[in-house]
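Enquirer: model this:
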Amino acid sequence: MARTSGAKCRLCRREGMKLYLKGTKCEGEKCTLNKRPHAPGQQGSRRKNISNYGKQLREKQKAKRIYGILERQFRNYVLNSLKTKGVTGEVLLHNLETRFDNVVYRSGFAVSRGQARQLIRYGVFLVNDKKVDIPSQQLKVGDIIKPVSFDKIQLREGFVLPEWLQANVKEKYVKFLRLPTQDDVQEKVDIPSIVEYYSR
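Expert: Numbers count the residues shown, from 1 in each chain. Here you go, the predicted model:
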């Protein structure tokens with residue numbers, strides 16, 4: 001499985017916002033962005049006046065890093081969204097948010113998307129009572145996500161379940177209720193800028 005290696009805190013500092021790549025550390029006082037809010041590298045070298053192309057590039061990089069996707073796969077998501085009927089930005093958002101690893105993270109079963117991918121690869125989760133070990137699998141409305149055993153997962157404390165997911169406490173599962181909208185997404189990403197970047 002391809003993944004981004006290197007210091008994750010540098011990615012947050014480069015984008016100037018918390019991307020929640022390291023789970024609980026990002027929410028506490030030990031977050032590197034709190035101590036060093038400037039971009040990594042030689043201090044003072046970051047340009048204040050950024051071009052329109054630069055803004056689009058930064059939004060694209062930010063989205064890639066939030067969802068933990070490499071360039072080729074992310075580009076395929078955008079190109080498929082451009083070919084699909086409907087509003088391209090909404091289709092792209094749906095493709096990103098309905099990834100299996102993202103839904104596991106949004107459900108609170110993992111402290112980060114990286115951990116969610118690892119747990120999925122280990123076969124810890126069931127989708128509609130079938131074991132699925134592909135983090136990039138697209139889920140559909142009505143799908144039910146359930147851990148094989150709660151002993152193998154670490155529930156995220158203090159999180160709020162998005163409105164597009166529904167938890168059944170008695171049966172211990174999460175149901176994919178509806179497609180998410182931009183307002184449902186915690187991390188603010190300018191999706192139209194990403195579409196414009198790839199439409200050049």
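
Enquirer: can you give me the helices in the protein?
Expert: Assigned by DSSP state H, the chain shows helices spanning 8-15, 24-27, 32-35, 52-67, 71-83, 88-97, 100-106, 113-121, 191-198.

Enquirer: ok, Arg99 touching Tyr67?
Expert: Yes: using CB atoms under 8 Å, Arg99 is in contact with Tyr67, at 7.0 Å. Every C-beta, even on glycine, is put in place using the N, C-alpha and C of the backbone.

Enquirer: what about Gln115, how many residues close to it?
Expert: 19 (other CB atoms under 10 Å).

Enquirer: Could you check how far it is from Phe150?
Expert: As judged by CB to CB, to the nearest Å, Gln115 and Phe150 stand 15 Å apart.

Enquirer: do the same with Lys188
Expert: Counting by CB to CB, the gap from Lys188 to Phe150 is 32 Å.

Enquirer: Contact partners for Pro147?
Expert: Applying CB atoms under 8 Å, 6 or more residues apart in numbering, we find Pro147 in contact with Phe109, Val124, Phe125, Leu126, Ile153, Lys172.

Enquirer: Show me how this protein divides into domains.
Expert: 1-49, 99-178 (automatic domain parsing).

Enquirer: got a pLDDT number for Tyr53?
Expert: If you check Tyr53, the pLDDT there is 87.

Enquirer: The spatially closest residue to it that is not a sequence neighbour - how many residues pack around it?
Expert: Among residues not flanking Tyr53 along the chain, Tyr197 sits closest, at 7.7 Å (CB to CB, 6 or more residues apart in numbering). Tyr197 is flanked by 18 other residues according to other CB under 10 Å.

Enquirer: List the residues that contact Tyr197.
Expert: Applying CB under 8 Å, 6+ apart, the residues near Tyr197 are Tyr53, Gln56, Leu57, Glu59, Lys60.

Enquirer: what pLDDT does the third one get?
Expert: To tie it back to what came earlier, the one meant is Leu57. pLDDT recorded at Leu57 is 88.

Enquirer: For it, which non-adjacent residue is spatially closest?
Expert: Using CB to CB, 6+ apart, the closest residue to Leu57 is Tyr197 (6.5 Å).

Enquirer: related to what we said a few turns ago, mean pLDDT for the domains of the chain: which is lowest?
Expert: Mean pLDDT is lowest for domain 1-49 among the domains of the chain, at a mean of 58.

Enquirer: Give me the nearest residue to the spatially most central residue of the chain, chain neighbours excluded.
Expert: By CA atoms, centre = their mean, the chain has its centre lying nearest to Tyr67, at 3.1 Å. Closest residue to Tyr67 apart from its sequence neighbours, by CB to CB, 6+ apart: Leu96 at 5.3 Å.

Enquirer: circling back: please tell me how far the residue nearest to Tyr53 sits from Lys60.
Expert: In terms of CB to CB, Tyr197 sits 5 Å off from Lys60.

Enquirer: now do Val132
Expert: Using CB to CB, Val132 is found at 28 Å from Lys60.

Enquirer: Thanks a lot, see you next time.
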